[in-house]
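Asker: mind folding the following:
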Amino acid sequence: MNFAYTIAGSEATGGAGFQADLKTFQQLGVYGMGTLTCIVSFDPNDGWNHRFVPVAPEVVSQQMEAALASQDIDTVKIGMLGHPDTIDAVEAGLKSQPWRHVVLDPVLICKGQEPGMALDTDTALREKILPLATVATPNYFEACTLAGMDGLKTVEDLVEAAARIAGQGPQYVVVKGGIDFPGPDAVDVLWDGEQATVLRAPKIGQERVSGAGCTLAAAITAELAKGASVAGAVRVAKDMVTAGIEARVSARTPFDTVWQGAYRG
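Answerer: Okay, the predicted model is just below:
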């Protein structure tokens, strides 16, 4: 039995976060476990904006203690942390044992946070968690922010951003061009410290689909837990996200969501 662990926030509609991670783990044949860091609920009476409630840091620590004591877990995916105190708790938990792989989806902003708190959270994430990652999976905005770049217009820009982020700690960086990257293809770049691998798939529509980034990072985590190489894990994850976007789930929300169950491998 292979175990994959997620440290992430709850998203009540099931489209992203903890819920998307566990669906992804299950679909890829690994036993999913997790620690909740916060609760995010969209507000249908306020344009579907975020409502953000952090989980108390001592509760985060207790969840990590229980999970890590229950099984030999060496592969973890980190999603939304959301608060500097949460980041401190997660950092301590991560440092309590060795890890084969730490996959960081560096969620930098939650719309339910005050701007000052969001900045403090971003700084803490960059200083305390990013250096612990073996794989980081920033999206377009996160890559620009972490790399200190104004925009990513070419594949060379994606590679440059990935290399700059790798210089802050991660061994591997996957920069996701997503819908914001120009052209007809969804382009991702994997930087392994020496060279870049470019992955392409035709864009499916022109709208963002909730859960794509969570699913990509969770799929990488699941494949790594099964013993895949990073490059192999990223390819499976790319295929899974593409299939999940093609089979997207519609709802009474302004966005569709990825359907992890569409991937058959």
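
Asker: distance of residue 180 from residue 158?
Answerer: Here residue 180 is placed at a distance of 11 Å from residue 158 (Cβ to Cβ, to the nearest Å). C-beta here means a position set from N, CA and C on the backbone, and glycine is covered the same way.

Asker: got any residues that touch both of those two?
Answerer: Here residue 180 and residue 158 share the contacting residues residue 152, scored by Cβ atoms under 8 Å, 6 or more residues apart in numbering.

Asker: which of the two has more neighbours?
Answerer: residue 158 (28 against 13; other Cβ atoms under 10 Å).

Asker: residues in contact with residue 155?
Answerer: By Cβ under 8 Å, 6+ apart, the residues touching residue 155 are 187, 189, 198.

Asker: low-confidence ranges, the stretch 1-150 of the chain, go.
Answerer: Where the stretch 1-150 of the chain drops to pLDDT under 70, the residues are 109-117.

Asker: those helices in it, which residues are they?
Answerer: Assignment of helices within the stretch 1-150 of the chain using DSSP state H, counting those that start in this stretch yields the ranges 17-27, 57-70, 84-94, 115-124, 140-147.

Asker: will you turn these into JSON lines that also has mean neighbour count?
Answerer: Output for these, formatted as JSON lines (neighbours: other Cβ atoms under 10 Å):
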{"stretch": "helix 17-27", "mean neighbour count": "24"}
{"stretch": "helix 57-70", "mean neighbour count": "16"}
{"stretch": "helix 84-94", "mean neighbour count": "20"}
{"stretch": "helix 115-124", "mean neighbour count": "15"}
{"stretch": "helix 140-147", "mean neighbour count": "21"}
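
Asker: verify the stated contact: residue 172 with residue 193.
Answerer: Yes - Residue 172 lies in contact with residue 193 (Cβ atoms under 8 Å); the separation is 7.3 Å.
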